[in-house]
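# Just the structure for this:
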Amino acid sequence: MEVKNKIVVAAGFVLLVSFLFVIGLGKQGAVDLYQLRREREQLERSNSALREQNEALYKTIRRLKEDMNFVENIARTELGMARAEEVVILKKKR
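Numbering: from 1, shown residues only. You can find the predicted model right below:
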């Protein structure tokens, strides 16, 4: 090969490596694309979990509005309430 051909081949190789570098590591390159895909997958999982929590809260709200036994159970267990006709016996803690 002549020197001129070698220079052209070397320049083409450098140009090719430069393009690959820009495509792989440049802004909006393959690395950014990979990171964005991972972030999207994490957000989709988080979104799914929040949807499930939201549905559970809607069910609880519906029960609080419609089910008086549920309201009574919460009043007794979480608030320590009793009916007017009930006698409450307290034990001393030792």
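
# hey, let's count contacts and neighbours off CA atoms from now on
Noted.

# Which helix in this protein has the most residues?
With secondary structure taken from DSSP state H, the chain has its longest helix at helix 30-66.

# Check the offset of the helix or strand just after that one from the chain's centre.
The element immediately downstream of helix 30-66 (helix or strand, assigned by DSSP states H and E) is helix 68-77. Taking CA atoms, centre = their mean, to the nearest Å, the mean C-alpha location of helix 68-77 is offset from the chain mean by 33 Å.

# cool, stretch 75-90 as well?
Worked out by CA atoms, centre = their mean, stretch 75-90 lies 41 Å from the chain centre.

# Tell me which residues of it come out buried.
Applying a neighbour-count criterion of 16 or more other CA atoms under 10 Å, stretch 75-90 contains no buried positions.

# Export only the CA atoms of that stretch, formatted as CSV.
Taking only C-alpha atoms (Å, rounded to 0.1, in the frame of the first residue of the first chain), the coordinates of stretch 75-90 have been written out as CSV:
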residue,chain,number,x,y,z
ALA,A,75,-63.7,3.2,66.7
ARG,A,76,-63.2,0.3,69.2
THR,A,77,-59.7,-0.9,68.1
GLU,A,78,-58.0,2.3,67.1
LEU,A,79,-59.8,4.9,69.2
GLY,A,80,-60.6,2.8,72.3
MET,A,81,-64.2,3.7,72.2
ALA,A,82,-67.1,1.8,73.8
ARG,A,83,-70.9,1.9,73.5
ALA,A,84,-72.8,3.9,76.1
GLU,A,85,-74.4,0.7,77.7
GLU,A,86,-71.0,-1.1,77.9
VAL,A,87,-68.9,-1.2,81.1
VAL,A,88,-65.2,-0.7,80.5
ILE,A,89,-62.8,-2.5,82.9
LEU,A,90,-59.3,-1.2,82.9
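
# Below-threshold pLDDT in the chain: ranges please.
1, 24-27 (pLDDT under 70).

# Give me the residue at the spatial middle of it.
Centroid check for the chain by CA atoms, centre = their mean gives S46 as the closest residue, at 2.0 Å.

# For that residue, give its distance to R40.
For S46, the distance to R40 (CA to CA, to the nearest Å) stands at 10 Å.
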